[in-house]
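Participant: For reference, the sequence and a predicted model appear below.
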There are 2 protein chains.
Amino acid sequence: MPLCDVCGVREAEVYQPHTGRKLCRQCFINDILRRVEDEIKRYRLIEPGDKVLLAVSGGKDSFVLLDTLSQLHDPSKLIGLSIVEGVEGYNRREDVERLRKYAAQRGVEVVVTSFKEFIGYSLDEIIAKAWKKGLKVSPCTFCGALRRRIINTYARMLRADKTATAHTLDDEAQTAVMNVLRGDPDRLVRQHPRAPRLSDKFVQRVKPLRRIYEWEAAMYAYFKGFRFQEAECPYINLSPTLRARIREHLMSIEAENPGSLLRILDTIDRIVEANLEEYRKLPPLPLCEKCGEPTAPGRRLCKTCELLEKIGIT
Amino acid sequence: MPLCDVCGVREAEVYQPHTGRKLCRQCFINDILRRVEDEIKRYRLIEPGDKVLLAVSGGKDSFVLLDTLSQLHDPSKLIGLSIVEGVEGYNRREDVERLRKYAAQRGVEVVVTSFKEFIGYSLDEIIAKAWKKGLKVSPCTFCGALRRRIINTYARMLRADKTATAHTLDDEAQTAVMNVLRGDPDRLVRQHPRAPRLSDKFVQRVKPLRRIYEWEAAMYAYFKGFRFQEAECPYINLSPTLRARIREHLMSIEAENPGSLLRILDTIDRIVEANLEEYRKLPPLPLCEKCGEPTAPGRRLCKTCELLEKIGIT
C-alpha cells in the first residue's frame, strides 16, 4: 500500500482527485476539518461567542456539520434542531435519535420538532390535502419553505446569532448553476456567504461545508464510525428534475476535470462579491400579515401562508 | 401549414424554441436584425460615426455579421478584414472571394491578408517548425493569438474605432462556462461588452451577434441565399476538447430547457457588471519589447513573440 502524501508515515486510504493526493484516514480527517475552519474564517461565518443553531437531519452531512463545528466552536454555544417532516415510509426519528446521542457526547443538545407540532399537520397530511384540492404543489418546494421557516423561528426563539445548514459543495454548485440557468442573478447574490440579510427577522444562515465535496462528507462520516444507511424520502421522485440533470452534468464535468466544482464556486463567489454593496441598500422585506415572517416585496401573505390558506389550513 | 405567430399572414417556416414561436422567413429575419440592433444599443457597442473593422472568415456567421451591420450602420464606415491562415486542405480563398463580392454589393470593402503576408509564414509552416522543435503548441491557440494581433494591428492602421467579430451566443456561452470552470473571474469580466480595454493599444472589440443562437445565424444565412458548405479546418481535431465537451453539455441543457444559453449570458452579464468599475482602475498593460503590442503584466515579450522566437521565427 502506498503511504500518505501528507504524513508520509501511515498507509493512504483515500484518493482526493481535486488535489491529486493520496491520504491516510487521519490526514484526510484533518484536511476536512482545516478546510471547514478556513471557510468559516474566510467569510467570518461564525465568530467567537456566536450562538449557532445547527439544522440537522440525522444524515451523514449533518453528522459532519455537528462533528466539525463542535471541534471548532464552543459546544455549549451550539444547539441542534431536527425537524421531522412526517412522511410515511421515511422514518427519520431513528436517524435523529442516533444523532442526538452522538451530539450529547460532544456536549451539544439537539431539539426535535415536527411539522405536525409546528403547524398541526404532517407533510403527508398537507400534501394529501393539497392534491385533494387539485393544487399542483411539489412536496419538496413546500417542505423546503416550511423547514426554513421553522429553523428561522426556532433561531429567533433560542436567540441564536446564526443558523448553520449542512449543504455541501455539490449542493451549492448545483444551486449556483440552477440560478444561472434560470436567469436569476438575485438568487446568485443571495447565495454568497456575505450576502446581506433582506430582513432583520431573518437570522443569518451559514453553510460551513460549502467547500467540502459530498463524497468527502460521506468518507469523513464513515471514517468517524458513522455508518448508517440514510433513508431516502419517497417524495424525491416527484421533485423537479432540473437539479437532478444539473447534478449529472456537473458530475461528468468534475470526473473529467477534477476540482471543477470548487472552481465554479470560487469564480462565482468572486464575481458576486462586487454586487453585495448594491444589495445592502435594498429596503427590508415586508412582513406576512399572518405569520409575521418576511415575504417578497408587494405581497400581503408569505408564500407558505398563501399555500396553507389555499389548502384550507389556517 | 401554420401561419406565422408574428405577422399572422405568411406561412411559418421556422420554430424558435426559446420564444415558443413559429415564424415566417421575413419575420424571422426581422427578429434577428432587431435583436442585433438591441444588443448594439444596449451596450453602445457601435455608435453613429464609428469606423468598424469586421473580422470576416467567409463563413455563415461572418456573412450574418456583415449583412446585419450593413443595414444598421453606414456601410461606408464598415470595412471587412479577412485573414487567410494558410492551411493545406482548408482553402479559405474561395469563401473569402464570395463574401468579398457580396460585401461589395452592400457597399463594404473587404481587405484580404494572410499569416504568410503578415509574419512571413503560413500556419502550416509555423506548426511544422514548432513540431519539429518538439514544442507542444496547439494550432488553435497559436492561430487565435495571431489572428487577434493581425485584427488589432489593421484596426489601428485603418484608424477603426471598433473591431467586430461574429461570435454567436453559443460561442459566448461556451467561453463563459469555460472561464467559470477554469476558475478565471478576470477573463469572465473581460468578456463583458462594457469591459474596459486593458491598453490604449487595444482597439475596442465588439460582438454584435452575442445574443443570436448559432442555429439562428445559420438559418438567417440560408434564408438570405447564402448556401455554401463551410470547409472545416483540419486542425480542429487537434484542438483542446474542453470546449467540445462543454458544447455538448450546453446543447443538451438548451434542448431540455430552451432559452438556457440566453439566460446564462444574461445572468453572467448582470453579475459581472458590478465588477467593471474595479477593472477600470487597473494600470495599463506593458508593451512587448519586440512587436510593441500589449502583453501580460511582468512579461518582456508577448506570448506570440515568445513562441515565434522559440520556433526560430524572428
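Facilitator: Arrived safely. Numbers count the residues shown, from 1 in each chain, chains lettered A, B, ... in the order given.

Participant: now the helices for chain A?
Facilitator: Along chain A, counting by DSSP state H, helices occupy A:25-42, A:60-72, A:92-105, A:115-119, A:123-132, A:139-157, A:169-181, A:185-190, A:214-223, A:242-256, A:260-273, A:276-280, A:303-311.

Participant: and these as TSV, adding mean pLDDT?
Facilitator: TSV is the format used below for the helices of chain A (pLDDT from 0 to 100):
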stretch	mean pLDDT
helix A:25-42	98
helix A:60-72	97
helix A:92-105	90
helix A:115-119	94
helix A:123-132	92
helix A:139-157	92
helix A:169-181	96
helix A:185-190	93
helix A:214-223	96
helix A:242-256	93
helix A:260-273	97
helix A:276-280	89
helix A:303-311	87
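
Participant: can you list the residues of chain A near chain B?
Facilitator: Contact residues (CB under 8 Å from any CB of the partner chain) of chain A with chain B: A:179-185, A:188-189, A:242, A:245-246, A:249, A:252-253, A:256-257, A:260, A:262-264, A:266-268, A:270-272, A:274-275, A:277-278. Just so you know, the C-beta spots here come from the backbone N, C-alpha and C atoms, and that holds for glycine as well.

Participant: What count of nearby residues applies to the residue in the stretch 201-314 of chain A that chain B sits nearest to?
Facilitator: Proximity to chain B, evaluated over the stretch 201-314 of chain A using CB to the nearest CB, is greatest for residue A:263 at 3.3 Å. Residues near residue A:263, counting by other CB atoms under 10 Å in any protein chain shown, number 20.

Participant: Check the residue lying closest to it once chain neighbours are set aside and give its pLDDT.
Facilitator: Nearest residue to residue A:263, sequence neighbours excluded (CB to CB, 6 or more residues apart in numbering or on different chains): residue B:183, at 3.3 Å. With respect to pLDDT, residue B:183 scores 94.

Participant: Return the distance of residue B:183 relative to residue A:162.
Facilitator: Relative to residue A:162, residue B:183 is positioned 28 Å away (criterion: CB to CB, to the nearest Å).

Participant: do the same with residue A:13
Facilitator: The gap separating residue A:13 from residue A:162 is 34 Å, by CB to CB.

Participant: Hmm, residue A:23 and residue A:11 touching each other?
Facilitator: No - between residue A:11 and residue A:23 there is no contact under CB atoms under 8 Å: 10.2 Å.

Participant: Name the residues contacting each of those two.
Facilitator: Shared contacts of residue A:11 and residue A:23, defined by CB atoms under 8 Å, 6 or more residues apart in numbering or on different chains, are found at residue A:4.

Participant: These two: which has the busier surroundings?
Facilitator: Set residue A:11 next to residue A:23 and count neighbours by other CB under 10 Å: residue A:23 wins out with 22 against 11.

Participant: which ones are touching the more buried one?
Facilitator: Contact partners of residue A:23, counting by CB under 8 Å, 6+ apart, are A:4, A:5, A:6, A:12, A:13, A:14, A:15, A:16, A:31.

Participant: What is the neighbour count of residue A:7?
Facilitator: Residues within reach of residue A:7, counting by other CB under 10 Å, total 13.

Participant: now swap in residue A:209 and tell me
Facilitator: Other residues lying near residue A:209 total 28 when counted by other CB under 10 Å.

Participant: The one 4 residues further on too?
Facilitator: Burial of residue A:213 is recorded as 22 neighbouring residues (other CB under 10 Å).

Participant: Just list the residues touching it, thanks.
Facilitator: Residues counted as contacts of residue A:213 (CB under 8 Å, 6+ apart) are A:18, A:168, A:169, A:170, A:261.

Participant: Now the last one: closest residue in space, sequence neighbours ignored.
Facilitator: Computed as CB to CB, 6+ apart, the closest residue to residue A:261 that is not its neighbour in sequence is residue A:173, at 4.4 Å.

Participant: How far does stretch A:100-115 stretch from one end to the other?
Facilitator: Using CA to CA, to the nearest Å, the span of stretch A:100-115 from its first residue to its last is 19 Å.

Participant: one step back: are any of the residues of chain A next to chain B buried, and which?
Facilitator: A:179-185, A:188-189, A:242, A:245-246, A:249, A:253, A:257, A:260, A:262-264, A:266-268, A:270-272, A:274-275 (16 or more other CB atoms under 10 Å in any protein chain shown).

Participant: do you know how far the closest residue in space to residue A:38 that isn't next to it in sequence is from residue B:57?
Facilitator: Once flanking residues are discounted, residue A:38 sits nearest to residue A:211: 7.8 Å by CB to CB, 6+ apart. Per CB to CB, residue A:211 is found 42 Å from residue B:57.

Participant: same thing with residue A:73?
Facilitator: 59 Å.

Participant: go on, residue A:272?
Facilitator: Noted for residue A:272: a distance of 36 Å to residue B:57, by CB to CB.

Participant: do residue A:70 as well
Facilitator: 61 Å.

Participant: Name the residue in the two with the higher neighbour count.
Facilitator: Between residue A:70 and residue B:57, counted using other CB under 10 Å, the more crowded position is residue B:57 (22 against 19).

Participant: Spit out the contact partners of the residue of the stretch 1-150 of chain A found nearest chain B.
Facilitator: Using CB to the nearest CB, the closest approach of the stretch 1-150 of chain A to chain B is made by residue A:18 at 11.4 Å. Applying CB under 8 Å, 6+ apart to residue A:18 gives the contacts A:213, A:258, A:259, A:262.

Participant: Nearest spatial neighbour of the third one, chain-adjacent residues omitted?
Facilitator: Translated: residue A:259. Excluding the flanking residues, the one nearest residue A:259 by CB to CB, 6+ apart is residue A:18, at 3.9 Å.

Participant: Report the contact partners of residue A:231.
Facilitator: A:90, A:91, A:92, A:95.

Participant: quick one, phi/psi of the closest residue to the last one other than its chain neighbours?
Facilitator: This points to residue A:95. Spatial nearest neighbour of residue A:95, excluding adjacent residues (CB to CB, 6+ apart): residue A:58 at 2.9 Å. Note on residue A:58: its backbone torsions stand at phi 110, psi -10 [degrees, to the nearest 10].

Participant: Next one: residue A:58 relative to residue B:167, how far apart?
Facilitator: Taken as CB to CB, the span from residue A:58 to residue B:167 is 50 Å.

Participant: Compare neighbour counts for those two and give me the winner.
Facilitator: residue A:58 (25 against 22).

Participant: Let me see the contact set for that one.
Facilitator: A:82, A:92, A:94, A:95, A:96, A:98, A:99, A:230.

Participant: one more time with 6 Å
Facilitator: A:92, A:95, A:96, A:99 (CB atoms under 6 Å, 6 or more residues apart in numbering or on different chains).

Participant: would TSV of those with neighbour count be doable?
Facilitator: Formatted as TSV, the contacts of residue A:58 follow (neighbours: other CB atoms under 10 Å in any protein chain shown):
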residue	neighbour count
A:92	21
A:95	23
A:96	22
A:99	24
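
Participant: Which one of these is nearest to residue A:299?
Facilitator: Closest approach to residue A:299 among the contacts of residue A:58 (CB to CB): residue A:92, at 31.4 Å.

Participant: does the nearest residue to that closest one once chain neighbours are set aside have beta-bridge partners, and which?
Facilitator: Beyond its immediate neighbours in the sequence, the residue positioned closest to residue A:92 (CB to CB, 6+ apart) is residue A:84, lying 5.0 Å away. Applying DSSP bridges to residue A:84 gives these bridge partners: residue A:114.
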